[in-house]
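Novice: sequence unknown, structure follows:
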């Protein structure tokens, strides 16, 4: 399966811990996007990355959240000192480039207890 | 930021009925897309529209890219139980923005 791979599928963290969400884009895709989905809501854009560059992080909270897409390896969305309000499904998508359609992964469901 | 208004929020229909949902925006987009999300999964692309006025079909699905580039609709004909899910419109001008979704329930 050469689709977008996200792991873990489910992640439980206690308040104050760190959450690390990983995304491996489709083969041949160099653009990665992260979205957050709260229950019963739509997808909210967080950040757009290319290899080693953050292109648009206008949807990222200013504190505790960071994202990277290193030259080698998956893209990582990191949430430090998690709070209950961070509980959500986090989806990663990849594309060949700007203007191309996105392929989504199955998401990581973060639960903060 | 770019806001997409998707309606209706939810629909409850009988199997066999046709469905129509739409999306409007105050911003112009180069591409309109429609995705479907099943429970516990990520969105899957149904139809992509690249030109103003374009009308595209994919099986029982038909979507149109509005002439003003600020709106799009999706029709589903002769609905079946597996059409159940959340349908999202998305507008793309660089990166992509999503509507809040239309939750479709199909009663057998």
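Specialist: Great, that's in hand. This one's a predicted model, so the numbers in the text were calculated from it and none came from an experiment. Numbering: from 1, shown residues only, chains lettered A, B, ... in the order given.
Novice: With adjacent residues omitted, what lies nearest to residue A:7?
Specialist: Nearest residue to residue A:7, sequence neighbours excluded (CB to CB, 6 or more residues apart in numbering or on different chains): residue A:22, at 5.3 Å. (Glycine included, C-beta is placed from N, CA and C.)
Novice: An error on my part: the question was meant for residue B:18.
Specialist: Residue B:18's closest residue in space is residue B:77 (CB to CB, 6+ apart), at 5.0 Å.
Novice: got the contact list for residue 96?
Specialist: No chain was given, so I picked chain A. Residues near residue A:96 by CB atoms under 8 Å, 6 or more residues apart in numbering or on different chains: A:28-31.
Novice: The chain in question should be chain B.
Specialist: Residues in contact with residue B:96 (CB under 8 Å, 6+ apart) are A:33, A:45, A:93, A:102, B:33, B:90.
Novice: And for residue B:37?
Specialist: B:43-44, B:85-88, B:101.
Novice: Redo those as a markdown table? Include distance to chain A and neighbour count.
Specialist: Formatted as a markdown table, the contacts of residue B:37 follow (distance: CB to the nearest CB, whole Å; neighbours: other CB atoms under 10 Å in any protein chain shown):
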| residue | distance to chain A | neighbour count |
| --- | --- | --- |
| B:43 | 5 | 29 |
| B:44 | 7 | 12 |
| B:85 | 13 | 20 |
| B:86 | 8 | 21 |
| B:87 | 11 | 24 |
| B:88 | 6 | 25 |
| B:101 | 5 | 24 |
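Novice: follow-up on the earlier one: out of the contacts of residue A:96, who's nearest residue A:80?
Specialist: residue A:31 (25.1 Å; CB to CB).
Novice: okay, the contacts of residue B:37 in JSON lines with secondary structure and pLDDT next?
Specialist: Output for the contacts of residue B:37, formatted as JSON lines (DSSP: H, G, I helix; E, B strand; the rest coil; pLDDT from 0 to 100):
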{"residue": "B:43", "secondary structure": "coil", "pLDDT": "94"}
{"residue": "B:44", "secondary structure": "strand", "pLDDT": "94"}
{"residue": "B:85", "secondary structure": "strand", "pLDDT": "95"}
{"residue": "B:86", "secondary structure": "strand", "pLDDT": "95"}
{"residue": "B:87", "secondary structure": "strand", "pLDDT": "97"}
{"residue": "B:88", "secondary structure": "strand", "pLDDT": "96"}
{"residue": "B:101", "secondary structure": "coil", "pLDDT": "94"}
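Novice: which two from these end up farthest apart in space?
Specialist: Top of the distance list for the contacts of residue B:37 (CB to CB): B:44 and B:101, 13.5 Å.
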